[in-house]
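*Asks:* return atomic coordinates for the entry below.
(chains A and B)
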Amino acid sequence: MVSIVLVGHSRELLRGLRAMLAQAAPAVLVSVAGGTDGGALGTSAPMILAAVRGVLAEAPDGAVVLLDLGSAALALEMALDDLGPADRARVRVSRGALVEGAVRAAVEAAGGGPLNAVLAASEVPPGHDKLPDDWPANGMAPG
Amino acid sequence: MSGALIAGWLRLAASRIAAERVHLTELDAAIGDGDHGINLHRGFGALEARLAAGDFATDAPGPLLVLAGRTITGTVGGASGALYGRALLRAGAALEARPGGSVATSAQLAAVLRAAVDAVAALGRSRPGEKTMLDALVPAVVAFEAAGAAGIDVASAMRRAADAAEAGARDTLPLLATKGRASYLGERSIGHLDPGAVSSALLLRALADAAAGGA
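*Replies:* Below is the predicted model:
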C-alpha cells in the first residue's frame, strides 16, 4: 500500500491533518515532518529525510509527499537529494492542496491504488470548488 | 584555510547574528514574515552550542562545514535554513574533494565559494536582481574571483568580498522582489532592504574578520 508523508512548517497543523487521515483511511501509513528540529515553526531537511526513509522502509509501494507552502519545497528538495536512486524512484511529490490532496490521496491509497494513481488523486485541480454550485455569491444578502 | 578558522567564523557569525537579530527581524517584518533574525539566531545559536560542547571536530574545514550545514538545515527552518544549509554543505563537499581537504590560495577558495553560491541559486531557482541573498552573495564571489585571479592574499580577498556583499545588500533597496515571501508584496517590496542579502553580507563580513584575526 502507498504511504503518505506530510511536510510543513507546523507540527501541530500536520498532526491534526494526520488525525483526519487516520479517520478517513486508517490502514494508510502517514508520516509527518513539521517544524524545525527544535519544534519551532519552519522546515527541517533532516527531519523530512527521516520521515521519507521511515515510510519507505515500511511501505514497499512507495510514498506521496504533500507540502503546506512553497518554501517547504527547498528543504524537501535537499532531503530528496540525499535519498538513494532506488528510494527516490519510489517517491512522488504532489502539487495538490495540502488538506484536500492528502485526504484524497489517503482514500486512493487505502483502496489499493498504485503510486501514480495516489499522486493523481492528491493533485486537486486548480480552481476546484469546495462549495456547492448553488452557494450564494460573497457579498450577497443571505436567502 | 584551517578548521580552526571555520570554527572561529561560525562563532563570530553566531554572536553577530545574536546582536543583529532584532534588526534582521525588523527588515523581514517589512517585506516578509518577520522571522529572519529569530530563525538565524536559533540556528546559529544551536551551532554555537554544539561547537562549545565539543560535538564537532574542528581539525578539518570540510567536514566541519558539512556538520554546520546539517545543523543549519535542521534548525533555522524556512527557506533561509535550506539555502544557507545548502551553501555550507556544498562548500564543505568542495573542500573535502580537494587534495588535502583544504585550499591555500584565494583562487582556490574562490572556486569553493562559487560552488556554494551556485548551489544557492540552483535550489532557489533565482538569480541576482530578484531581491534575495544572491544580490549579496554573487557580487562577493565575483570580487573574490577577481582577487584570486590577481593573486591577492586570502584575507584581503575576503575583505573585498565582504565589501562587495555589503554594497550588494544596500543595492537591494530599490529592487522589486520576485522570489520568496517578499514577492507576495509586489511593488510594496520596493524601498526596503532584503533581509537575506543583509544577513549574507553579515556572514561574509564575519568571515573576513575571522580571517583577519579580529572580531
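
*Asks:* what's the pLDDT at the residue in chain A that chain B sits nearest to?
*Replies:* Closest to chain B within chain A is A:Gly42: 1.5 Å, counting by C-beta to the nearest C-beta. C-beta: built from backbone N, CA, C; applies to glycine. pLDDT for A:Gly42: 91.

*Asks:* the most centrally placed residue in chain A pairs with what?
*Replies:* Central residue check for chain A by C-alpha atoms, centre = their mean: the C-alpha nearest the mean position is that of A:Leu66, 2.8 Å away. Beta-bridge partners of A:Leu66, counted by DSSP bridges, are A:Leu6.

*Asks:* residue contacts, the residue in chain B that chain A sits nearest to?
*Replies:* Going by C-beta to the nearest C-beta, chain A is nearest to B:Gly77 of chain B, at 1.5 Å. With contact set as C-beta atoms under 8 Å, 6 or more residues apart in numbering or on different chains, B:Gly77 has these partners: A:His9, A:Gly35, A:Thr36, A:Ala40, A:Leu41, A:Gly42, A:Thr43, A:Ser44, B:Asn39, B:Arg42, B:Gly43.

*Asks:* got CSV for these, with neighbour count and secondary structure too?
*Replies:* Output for those, formatted as CSV (neighbours: other C-beta atoms under 10 Å in any protein chain shown; DSSP: H, G, I helix; E, B strand; the rest coil):
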residue, neighbour count, secondary structure
A:His9, 22, coil
A:Gly35, 21, coil
A:Thr36, 26, coil
A:Ala40, 20, coil
A:Leu41, 19, coil
A:Gly42, 31, coil
A:Thr43, 33, coil
A:Ser44, 28, coil
B:Asn39, 29, helix
B:Arg42, 22, helix
B:Gly43, 30, helix
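
*Asks:* ok, so of the residues you listed, who is nearest B:Ala146?
*Replies:* Checking those against B:Ala146 by C-beta to C-beta gives B:Gly43 as the nearest, at 31.1 Å.

*Asks:* how near is the closest residue to that closest one other than its chain neighbours to A:Ala40?
*Replies:* Computed as C-beta to C-beta, 6 or more residues apart in numbering or on different chains, the closest residue to B:Gly43 that is not its neighbour in sequence is B:Val76, at 3.4 Å. Using C-beta to C-beta, to the nearest Å, we find B:Val76 at a distance of 9 Å from A:Ala40.

*Asks:* equivalent analysis for B:Ala169, please.
*Replies:* Here B:Ala169 is placed at a distance of 25 Å from A:Ala40 (C-beta to C-beta).

*Asks:* residues touching residue 48, list them.
*Replies:* No chain was given, so I picked chain A. Contacts of A:Ile48 by C-beta under 8 Å, 6+ apart are A:Val5, A:Val7, A:Ala33, A:Ala75, A:Leu76, A:Ala79.

*Asks:* wrong one, I was asking about chain B
*Replies:* B:Leu10, B:Arg11, B:Ala14, B:Ser15.

*Asks:* just the buried subset of these, please.
*Replies:* By neighbour count, with 16 or more other C-beta atoms under 10 Å in any protein chain shown, those hold B:Leu10, B:Arg11, B:Ala14 as buried.

*Asks:* over to the last one. Which of the three states is it?
*Replies:* Put simply, B:Ala14 is helix when judged by DSSP: H, G, I helix; E, B strand; the rest coil.
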